[in-house]
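J.: task: produce atomic coordinates for the following.
(one chain, ligands or ions: 2)
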Amino acid sequence: MAELLTSAQMRAAEQAAMASGAVTGLDLMERAGQGVVNAALGAWPELAHSSYKAVVLCGPGNNGGDGFVIARLLKQRGWDVEVFLYGTPEKLPPDARTNYERWQALGDVAGFVDLCVGQIESCDLVIDALFGTGLTRPIPAVMAAVAQGLAHPNGAARRVAVDLPTGLCSDSGRILGDDPSAVFPSDLTVSFHSLKQGHVLGQGAEICGQVAVADIGLNAVGETLRAGMQDGPAVTLYDEPHRSALAKQGFGHKYNHGHALILTGPSGKTGAARLAARAALRVGTGLVTLGTPHEAVTEVAAQITALMLIEIDTPDLLTRVLSDPRLNALCFGPGFGVARAGAFLPAVLASRRATVLDADALTALAQSDSGFANLHENCVLTPHAGEFKRLFPDLAARLAEPPLTGPAYSKVDATRSAAQRAGCTVLFKGPDTVIASPDGQCSVSAAVYERAAPWLATAGAGDVLAGLIAGLMARGFPPHQAAEIAAWLHVEAARSFGPGLIAEDLPETLPKVLRGLSL
Ligand SMILES: NC(=O)C1=CN([C@@H]2O[C@H](COP(=O)(O)OP(=O)(O)OC[C@H]3O[C@@H](n4cnc5c(N)ncnc54)[C@H](OP(=O)(O)O)[C@@H]3O)[C@@H](O)[C@H]2O)[C@@H](O)CC1
Ligand SMILES: [K+]
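T.: Ligands and ions are numbered 1, 2, ... in the order given. Prediction:
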């Protein structure tokens, strides 16, 4: 699983690598520049066959230093290269200054104020080496004007961002300041060593275009990255579940694979829970039972076959049903009704079962006086942005404030705080789903770049996700892992089905996704 770094973690890793004596800052900068050139020629192979024209925009820090390396390497390939510097050469940090001087032997450096957008549009490649992980505040107005010109270029210029598109915060994927156009949109963003959080969170994917990661040799320096983790373990970018985790053994009873109880709403509202139940069954839970109020039994019975049904009209009845320890996971909330959910919440939490709280259960939790105190480590909360705001209004407000300084408050920060406060796993939905647990584990399940799943934004998809998590917990997965695997399968099913997807298709596509894992 890949790690998503913060700017502080990346800086610490680089510092540790340099302090070990294994590598110098100049070595890293040279590899970074070379990595960008290689990635650009890889993305547009036609650029490798002749010499073209590039404009390189350099900033006042080491990101600008990378830009001078890139300018030199392209010039050595015979390219026509124009370089613009924002800032003064005397103030460049030492390695950037050295590369500025090396470039000077090959060509001129113009001031950023002398740049006009037309110059950029007439070139083949424009390199944004203005700011990277060191961005601390909104970009200056003179840069924002150029960024706006580049947002919809008239020419054929391919836009490449060095490390990060200038204006985008490395930790949060948010544009610093209150002007949404104050960022350099790119077609290709080349990160170093590892992706940063900002490449997948927030607006990162929208602004970065495609991403590539250039190896600058930090892995070879052993423990340097670990040394960079001074502000907690790195966030992981969840890729795919291990086959051995999801496979079933060739023998075993259905009770070996758990028994999930999915609570339904009243008649006319049972579809959400039925979707969740079907997902739980498809993900391999041994038995799945729908707990249904008396008046909705006929409706539910008419629509299920492999699923089982039990009448549960009151919280007391639920408590009695849960006296059977074989019922080892609960899904509570989809289509349940907020007032009913409030009435059932104490019994659900008192059962101490592995429980997914979704939809109406989250709204009821937000309205309850004692609900938070009774949450336990086997709960998973699955809020979308609106539900997150109801549950954690202060964290949501902080996330909604325009970020004026960098690194800015991120969805990772908010979800981590929410998990600490709730004392359980929180899965904060979105194309950049963040999953955090009180023990510090945190992962991002990103449906962006090659994993984009736009058809997943459809009614009932969230119910399916809740059912997948409950089913996996019934199978014995701990809450954090169940949430990670469920989020991954959910996106894979949507991608596998493709256009025309509706929520019913998700459970039915799971067998294909599971076969793809060679189970
Ligand atoms: N370290 C290494 O060994 C390696 C680093 N590498 C590269 O270095 C990059 C990080 O370099 P960096 O730390 O120098 O930060 P960078 O993004 O260039 O900007 C800092 C400068 O910008 C300024 N500034 C910030 N915001 C501003 C604003 N809105 N408006 C105006 N000014 C603003 C800020 O000023 P200050 O905030 O101090 O006033 C400071 O002067 C990284 O992304 C990667 O590309 C690679 O070569 C691999 C090896
Ligand atoms: K940049």
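
J.: quick check: the gap between residue 87 and ligand 1.
T.: Noted for residue 87: a distance of 7 Å to ligand 1, by CB to the nearest ligand atom, to the nearest Å. Using the backbone N, CA and C atoms, a C-beta is placed for each residue, glycine as well.

J.: let me see the contact set for that residue.
T.: 59-60, 64, 112 (CB atoms under 8 Å, 6 or more residues apart in numbering).

J.: name the element it belongs to?
T.: Using DSSP states H and E, residue 87 sits within no helix or strand.

J.: just the pLDDT for it.
T.: Residue 87 carries a pLDDT value of 96.

J.: same check on residue 252?
T.: Confidence score, pLDDT, at residue 252: 67.

J.: looking at this structure, which helix or strand does the model trust least?
T.: helix 224-227 (a mean of 54; mean pLDDT, DSSP states H and E).

J.: now do the helix or strand just after it, average pLDDT.
T.: Per DSSP H and E, the first helix or strand lying C-terminal to helix 224-227 is strand 235-237. Across strand 235-237, pLDDT averages out at 95.

J.: may I see the buried residues of strand 235-237?
T.: 235-237 (16 or more other CB atoms under 10 Å).

J.: which one of those sits closest to residue 47?
T.: Of all those, residue 237 has the smallest distance to residue 47: 28.6 Å, by CB to CB.

J.: what about the closest residue to the closest one other than its chain neighbours, distance to residue 199?
T.: In space, and not counting its chain neighbours, residue 237 is closest to residue 2: 4.6 Å by CB to CB, 6 or more residues apart in numbering. According to CB to CB, to the nearest Å, residue 2 and residue 199 sit 11 Å apart.

J.: the more surrounded of these two?
T.: residue 199 (28 against 14; other CB atoms under 10 Å).

J.: what about the more buried one, distance to residue 265?
T.: Plainly put, residue 199 is 40 Å away from residue 265 if you go by CB to CB.

J.: residues touching the residue nearest to residue 237, list them.
T.: By CB under 8 Å, 6+ apart, residue 2 lies in contact with 194-195, 236-237, 239.

J.: residue 514 too?
T.: Residue 514 makes contacts with 246, 489, as judged by CB under 8 Å, 6+ apart.

J.: coming back round to it: with distance to residue 42 added, can I get the buried residues of strand 235-237 in a markdown table?
T.: Converted to a markdown table, these look like this (distance: CB to CB, whole Å):
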| residue | distance to residue 42 |
| --- | --- |
| 235 | 27 |
| 236 | 26 |
| 237 | 21 |
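
J.: quick check, nearest of these to residue 6?
T.: Among the buried residues of strand 235-237, residue 235 lies closest to residue 6 (CB to CB), at 8.2 Å.

J.: could you dump the contacts of residue 87 to TSV with neighbour count, pLDDT and distance to ligand 2?
T.: As requested, these are exported to TSV (neighbours: other CB atoms under 10 Å; pLDDT from 0 to 100; distance: CB to the ion, whole Å):
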residue	neighbour count	pLDDT	distance to ligand 2
59	27	98	7
60	20	98	12
64	29	98	9
112	18	96	14
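
J.: closest one of these to residue 216?
T.: residue 64 (16.7 Å).

J.: my guess is the closest one is in a helix, correct?
T.: Yes - under DSSP: H, G, I helix; E, B strand; the rest coil, residue 64 sits within a helix.

J.: shouldn't it be in contact with residue 71?
T.: No - counting by CB atoms under 8 Å, residue 64 does not reach residue 71; the two are 10.4 Å apart.

J.: that older thread, between residue 2 and residue 199, what contacts are shared?
T.: Counting by CB under 8 Å, 6+ apart, nothing touches both residue 2 and residue 199.

J.: got the contact list for the residue of the stretch 201-350 of the chain found nearest ligand 1?
T.: Residue of the stretch 201-350 of the chain nearest ligand 1, by CB to the nearest ligand atom: residue 216 (5.8 Å). Remark: with contacts taken as CB under 8 Å, 6+ apart, residue 216 is in contact with 28, 31-32, 35, 192-193.

J.: do the same with residue 462
T.: Residue 462 touches 334, 358-359, 382, 384, 429, counting by CB under 8 Å, 6+ apart.

J.: ok, those residues vs ligand 1, which is closest?
T.: residue 429 (30.0 Å).

J.: list the contacts of that closest one.
T.: By CB under 8 Å, 6+ apart, residue 429 lies in contact with 382-385, 462, 465.

J.: nearest to residue 284, of these?
T.: residue 465 (15.7 Å).

J.: apart from its neighbours in sequence, what residue is nearest residue 348?
T.: In this structure, residue 348 finds its nearest non-sequential neighbour in residue 332, 5.2 Å apart by CB to CB, 6+ apart.

J.: please apply the same query to residue 341.
T.: Closest to residue 341 by CB to CB, 6+ apart is residue 364, at 3.6 Å.

J.: now swap in residue 178 and tell me
T.: Closest to residue 178 by CB to CB, 6+ apart is residue 402, at 4.1 Å.

J.: where does the one you found land on pLDDT?
T.: Reported pLDDT for residue 402: 93.

J.: that one in helix, strand or coil?
T.: Residue 402 falls in the coil class when you classify it by three-state DSSP.

J.: can you give me phi and psi for it?
T.: Per-residue torsions, residue 402: phi -60, psi 130 (degrees, to the nearest 10).

J.: count the neighbours of it for me.
T.: Neighbours of residue 402 (other CB under 10 Å): 13.

J.: that one is in contact with residue 177, isn't it?
T.: Yes - with contact defined as CB under 8 Å, residue 402 and residue 177 form a contacting pair (6.6 Å).

J.: what is whatever helix or strand residue 38 lives in packed up against?
T.: Assigned by DSSP H and E, residue 38 belongs to helix 25-43. Here helix 25-43 touches helix 7-19, helix 62-76, helix 94-104, strand 158-162, strand 188-192, strand 210-214, going by 3 or more CB pairs under 8 Å, 6 or more residues apart in numbering; DSSP states H and E.

J.: just the buried residues of strand 235-237 now: which is nearest residue 450?
T.: residue 237 (12.6 Å).

J.: for that closest one, what are its contacts?
T.: Neighbouring residues of residue 237 by CB under 8 Å, 6+ apart: 1-4, 195, 200, 443-444, 446.

J.: residue 85 and residue 129, how far apart?
T.: 10 Å.

J.: those two: which is more packed in?
T.: residue 129 (32 against 24).

J.: quick one: contacts for the more buried one?
T.: 56-59, 63-64, 66-68, 70, 162.

J.: can you pick the most crowded of these?
T.: So for these (other CB under 10 Å), the most neighbours sit at residue 162, 34 neighbours.

J.: any idea how many residues pack against the nearest residue to residue 387 once chain neighbours are set aside?
T.: Closest residue to residue 387 apart from its sequence neighbours, by CB to CB, 6+ apart: residue 362 at 4.5 Å. When neighbours are counted by other CB under 10 Å, residue 362 registers 24.

J.: quick one: residues contacting residue 362.
T.: Here residue 362 is in contact with 333, 381-383, 387, 390-391 (criterion: CB under 8 Å, 6+ apart).

J.: can you name the farthest residue from the center of the chain?
T.: Note on the chain: the largest C-alpha distance from the chain mean falls to residue 105, namely 43.0 Å (CA atoms, centre = their mean).

J.: quick one, phi/psi of that residue?
T.: According to degrees, to the nearest 10, residue 105 has phi -70, psi -20.

J.: so it versus residue 72, what's the distance?
T.: When distance is defined by CB to CB, residue 105 is 9 Å away from residue 72.
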